[in-house]
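The sequence and its predicted three-dimensional model are supplied below.
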Amino acid sequence: MALSGVAESVVGQQAGATLKRVDDMLTRSLRLTRSLVQEISVSALKERDLPFAVKWTAQQMEEKFGLHVALRCDGTLPPIDADTYVCLYRVIQEVLFNVVKHAGVKRVEVELASPHQESVRIVIRDEGCGLSRAASAELGKENGFGLFSIRERIEGLGGRIDVSCTPGKGTAVCLIVPVRSGH
């Protein structure tokens, strides 16, 4: 507000215009920051219900990027401890962002399952351009489309990530994470 007031009182078109641009940039930055804070503290994280969180994220992806997320939940998922839940939520969100940025599609499938009630399996599948051989080779390295970071987080939970891709036919990211008591 102070900058806005100064911009209005400045004599000289060039200095006033520059201050006005800075004021506009700060206003946009504040809006973006508020939006990001809201996303970080989403109710989906408080619910600790993975299907609910994926549905919430799907709604956000559709509204912001036009990406339709088809969710399939096979059976009942066991309770998941808070740390695992938040990690899985953030990883799913990051993989979906990767689909938006790299796959060139408007639809993705997310499958949630717990085959043995001792682990959770999440498969995120698109029919996009797939990863090239060069990108596939980077999966274990720090610059591999954020997958290095995802791999570290999932392995830190005692889980694993498998990525299968076929150039021109899509990518599937499979996350398998052991479940710890959710209480």
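Thanks, I have it. Nothing here was measured: the structure is a model prediction, and the numbers come from that model. Residues are numbered from 1 along each chain as shown.

Check the protein for its longest helix and report it.
Counting by DSSP state H, the longest helix found in the chain is helix 13-40.

Show me which residues of the strand or helix carrying Glu94 are buried.
Following DSSP states H and E, one finds Glu94 within helix 82-98. Neighbour-count burial for helix 82-98, counted by 16 or more other C-beta atoms under 10 Å, picks out 84-85, 87-98. Any C-beta I mention is one placed from the backbone N, CA and C, and that applies to glycine too.

and it, what does it pack onto?
Helix 82-98 sits against helix 43-47, helix 50-65, strand 107-113, strand 119-126, helix 147-156, strand 170-178, with contacts defined as 3 or more C-beta pairs under 8 Å, 6 or more residues apart in numbering; DSSP states H and E.

How far does that helix sit from its chain's centre?
How far helix 82-98 lies from its chain's middle: 6 Å, per C-alpha atoms, centre = their mean, to the nearest Å.

before we move on, back to that, who are the packing partners of the longest helix of the chain?
Short answer (3+ C-beta pairs under 8 Å, 6+ apart): helix 13-40 packs on helix 2-9.

what is the rounded mean pLDDT of the helix it packs on?
The pLDDT scores in helix 2-9 average 68.

Mean pLDDT per element in the chain, and the minimum belongs to which helix or strand?
helix 133-137 (a mean of 50; mean pLDDT, DSSP states H and E).

ok, and the closest non-adjacent residue to the residue nearest to the spatial centre of the chain?
Residue closest to the average C-alpha location in the chain (C-alpha atoms, centre = their mean): Gln93, at 2.1 Å. For Gln93, ignoring the flanking residues on the chain, the nearest one in space by C-beta to C-beta, 6 or more residues apart in numbering is Thr57 at 5.5 Å.

any idea how far Arg125 is from that neighbour?
Distance, Thr57 to Arg125, by C-beta to C-beta, to the nearest Å: 16 Å.

Thanks a lot, catch you later.
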